[in-house]
Every structure is written in structure tokens, then in C-alpha cells.
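In: Mind folding the following:
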Amino acid sequence: MFLINSILALCVLTTYVYLAGRHLLHVCHWRGTMAQDPRSLIQKAEKTLSSASGGFRFFGGGKEEKYQEAADLYIQAANAFRMQQMNVEAGQTFEKAAQVQRNELKDPDDAANTAVDAFKVYRKDKPEAAVRVIEPAIQQYCSKGNFRRAASHKESQGEVYEVDLGDMPAALKCYEEAAGWYEGDNAAALANKLWLKVADISALSEDYYKAIKIYEKVANQSVSNNLMRYSVKEYFLKGGICHLATQDMVGAERALANYVELDPTFASTREHQLLTDLLAAVQSGKQEEFTDKLFAYDQMSKLDKWKTALLLKIKNQIQEAEDDFS
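Out: Residues are numbered from 1 along each chain as shown. Predicted coordinates:
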């Protein structure tokens, strides 16, 4: 028994020493990475590049190995910059690595993946560089038929245009392309999420008929889906608001009737009642009644910024029509 216990104790001790040793090696490696100077790594990469492009080599593959080493050094330097939160420098260095991968190693797939890393760090501090650097990666994924991945990055590019750069036309173009690619890849939920963004931006840009077409398209796709059916009344509400904004009241009445025909339960919703009340207020030119109906609805269901912006335009249209008449 004593011998067995001794053997077990020795096994436990050996395991502990092994694990402690591995942990120590990991810590040393991490500290070594932390201690790396990114600029010295860049110098080393440039020197390696220079040696690869000059002179003669007697053994096949030597030049390619040098190029690979240079690309790896650039990536190490970029990650070292990243750890120091020097995002612009990290992005620039990732770009250098991608250039070597694309032009010297003839590996566009690796270059695309490295460009994605550049996009991530540029996005934080230099968004205009982020939207530029991701474009070749998107095109590479498309050329390989990886449209789901291309769509994901095109969507991210659109978000940078919209949120960071405030360039709505560029954002709209990105979202439309990404939605089409998602749709082609049978990812309906992802596609519809972006189509709705396209509709929202289009409506705010007063392209009401484009927005209406999208809201009604997504509603049609969602009405027979139990998971998405609850959102249909929101799409109808947005479509109805856009119809009111066109100032075509006959078209608005027809749309409301079509919505109820498509989904009979819509007739009993607060959204349908609101649209009916607003339509009546617009037709009779009663701005105060329009405001009162909105206020009552807002007490129960808070109006978001998009709805508030569109409804304010419609309210102003009532006033303008009254001024023209008088």
C-alpha cells in the first residue's frame, strides 16, 4: 500500500511540474511578444524583403521563404502595434504584409485575410482607410464564390460609411450589395435585415416608393413565417407612413386595404388604427388632430427617431397644404 501511494504521489508531482513548466513557457512567450519592438520587426522585415529581391539563390524556394518570413514579420509588428493600441500604425503594417502576400507570394487569399485585420484596426481610428482596405478582400471572397463572407464584410463596410463617416449614399450601396449576396446564398433573415436598413435610409432620403417596395416585400416574406410574423405590423406601419409622405392619399388608402388583405389580424392592431387616424387627419387637413393621434399612440408605444422624423415631415406637409390653400 505504501508503494502504491508513493507511486501515485510521484505521478501527481510529475503532472504538476509538467503543467507548471508549460505555463512558464507560455508566460515567457507572452512576455517576449509584449517586449517586441514593432519598429525593429519592420526593419527586419524590410531587410528580409531586400535580401529576397536581390542576388542569386542556388536552392529552389529560398526566395519564397524569405518573402514568407517578411510577411510574417510584418504581421508580428502589426500585432505588436495593436497591443500598444497604435491602430493606424497596425493597419499600415498589416497592409504591408498583405502587399507581400499578394504581389510576391501570389497568395490573394492570405492577402484578403490580412486586409480584414487591417480593416479591424483602422476602423477604430481611421475609418476612411478601413473602407478602402477592405474592398480588395471583398472582391477576392466574391471571386472565390464565398458570397456569405463577402456580404458580411460589405455590411461592415456599410456600417463604417453610415456610422463613422456619415456617407449615407455609400452606406446604402454597400447594404444593397450585401443584401443581394445574402439573398443569393439563401440567407433570407440576414438579407431582410439589410433590406430594411436600405428602406430606412431611402425613406429618410425621401425615396419613399423605394422604401415602400422593400417594406412590403419583407412583410410578404414574413407573414407566413411564425418566427417573423410578429414584425409584420411594424413593416406595414413603416410602409403606411411612407405612403402618407408621398401625399398620395388614394395610394395610402389602397395600401391599407392591401395590408389587411395580406394579414387580416392587422386590422385589429394599434398600428392599423394609427394609420387610419393619420390618413383621416391628413385628408381633412387637421394638423392638431394629427398631433393628438400621434401623442396618444406614443404614450403606449414609443415612437423611434425614424418614425418621428418621417411623421414630422408629414405634419409639415399638412401645414404647407393649408398655407397654399389660404
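
In: Using CSV, write out every CA atom in the host helix or strand of Y209.
Out: Counting by DSSP states H and E, the element that carries Y209 is helix 208-222. Presented in CSV, the C-alpha positions along helix 208-222 are these (Å, rounded to 0.1, in the frame of the first residue of the first chain):
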residue,chain,number,x,y,z
TYR,A,208,-40.4,56.8,-50.4
TYR,A,209,-41.5,54.5,-53.2
LYS,A,210,-38.3,52.5,-53.0
ALA,A,211,-38.8,52.2,-49.2
ILE,A,212,-42.4,51.1,-49.6
LYS,A,213,-41.4,48.4,-52.1
ILE,A,214,-38.9,47.0,-49.7
TYR,A,215,-41.1,47.1,-46.6
GLU,A,216,-44.0,45.4,-48.4
LYS,A,217,-41.6,42.8,-49.9
VAL,A,218,-40.2,41.9,-46.5
ALA,A,219,-43.7,41.8,-45.0
ASN,A,220,-44.9,39.4,-47.7
GLN,A,221,-42.0,37.1,-46.9
SER,A,222,-42.6,37.3,-43.2
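
In: Contact partners for D37?
Out: A80 (C-beta atoms under 8 Å, 6 or more residues apart in numbering). Using the backbone N, CA and C atoms, a C-beta is placed for each residue, glycine as well.

In: Please tell me the pLDDT value assigned to M228.
Out: You'll see M228 listed with a pLDDT of 88.

In: which ones are touching the residue nearest to it when sequence neighbours are not counted?
Out: Spatial nearest neighbour of M228, chain neighbours left out: S222 (3.8 Å); criterion: C-beta to C-beta, 6 or more residues apart in numbering. Counting by C-beta under 8 Å, 6+ apart, S222 touches 192, 228-229, 231-232, 235.

In: swap the cut-off to 7 Å and go again
Out: 228-229, 231-232, 235 (C-beta atoms under 7 Å, 6 or more residues apart in numbering).

In: Same check on I318?
Out: 282, 285, 287, 290.

In: ok, and the last one, which helix or strand is that part of?
Out: Translated: F290. Assigning secondary structure by DSSP H and E places F290 in helix 287-300.

In: ok, K126 touching A90?
Out: No. Under the contact definition of C-beta atoms under 7 Å, K126 does not touch A90, with a separation of 10.4 Å.

In: what sits up against the helix holding F290?
Out: Under C-beta under 7 Å, 6+ apart, the answer for helix 287-300 is 270, 274, 277-278, 281-282, 311, 315, 318-319.

In: I'd like to know which of those are buried.
Out: For the contacts of helix 287-300, burial is judged from neighbour counts taken by 16 or more other C-beta atoms under 10 Å, and it is met by 274, 277-278, 281-282, 311, 315, 318.
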